[in-house]
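Q: task: produce atomic coordinates for the following.
(one chain, ligands or ions: 2)
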Amino acid sequence: MLTRIDHIGIACFDLDATVDFYRTTYGFEVFHTEVNEEQGVREAMLKINETSDGGASYLQLLQPVREDSTVAKWLAKNGEGVHHIAFGTADVDADAAAIRDKGVRVLYDQPRTGSMGSRITFLHPKDCHGVLTELVTSAERRHDDQG
Ligand code: CMX
Ligand code: CO
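A: Ligands and ions are numbered 1, 2, ... in the order given. Okay, here's the model as predicted:
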């Protein structure tokens, strides 16, 4: 069951400048940064609020680290902006299977590694009314990190 907005993914050309914008304009601080080589991004997670399912909602600021990454391709076509939304679930495998059974293309056969050790998969935007949609099950250590 999808129980929260886990994050909104925002593609940018300059991660440090974009982080600065969110800090100076809204007061949002960086909660976590990492490079995800498989996804081809350097990212900053800004925690916006905690949620009633024990998780949290974030902004995920994304800068490509390779020319052939999906985010680099998207930026070249669209410029900066909202790239995807992500819903949080306790069981990404079950939710992805149920959604696949409804005829929506799930992009990965098995979930891959996302921010902070989470397990993620994506739904094709053409099957989701134009919205690239991610499903996320956060790692237990995310909750430890929050303590
Ligand atoms: N939102 C909405 N539509 C999108 C889109 C997006 N983010 N990315 C691509 N599209 C649309 C394109 O506009 C295009 O539509 P048209 O044919 O009407 O022009 C169509 O989908 C195909 O796009 P494309 O540019 O040819 O791109 P690809 O098919 O090569 O890749 C996708 C699209 C969704 C398969 C690819 O972006 C993908 O695998 N995404 C999942 C992984 C990812 O995004 N990782 C980065 C984030 C990591 C994280 O969140 O941790
Ligand atoms: Co994401």
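Q: is ligand 1 within reach of the longest helix seen in the chain?
A: If you go by DSSP state H, the chain has its longest helix at helix 15-26. No. Helix 15-26 stays clear of ligand 1 (Cβ under 6 Å from any ligand atom), getting no nearer than 13.2 Å. Bear in mind the C-beta positions are built from the backbone N, C-alpha and C, glycine included.
Q: which strands or helices does that helix pack on?
A: strand 41-50, strand 56-64 (3 or more Cβ pairs under 8 Å, 6 or more residues apart in numbering; DSSP states H and E).
Q: residues in contact with the shortest one?
A: Just to be clear, that refers to strand 56-64. With Cβ atoms under 8 Å, 6 or more residues apart in numbering as the test, strand 56-64 has contacts from 4-15, 18-19, 22, 28, 31, 40-51, 71-72, 75, 83, 86, 115, 142, 146.
Q: picking that back up, can you list the helices and strands packed on helix 15-26 in TSV and add mean neighbour count and distance to Leu135?
A: Supplementary listing: these in TSV, determined by neighbours: other Cβ atoms under 10 Å; distance: least, Cβ to Cβ, whole Å:
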stretch	mean neighbour count	distance to Leu135
strand 41-50	18	17
strand 56-64	23	14
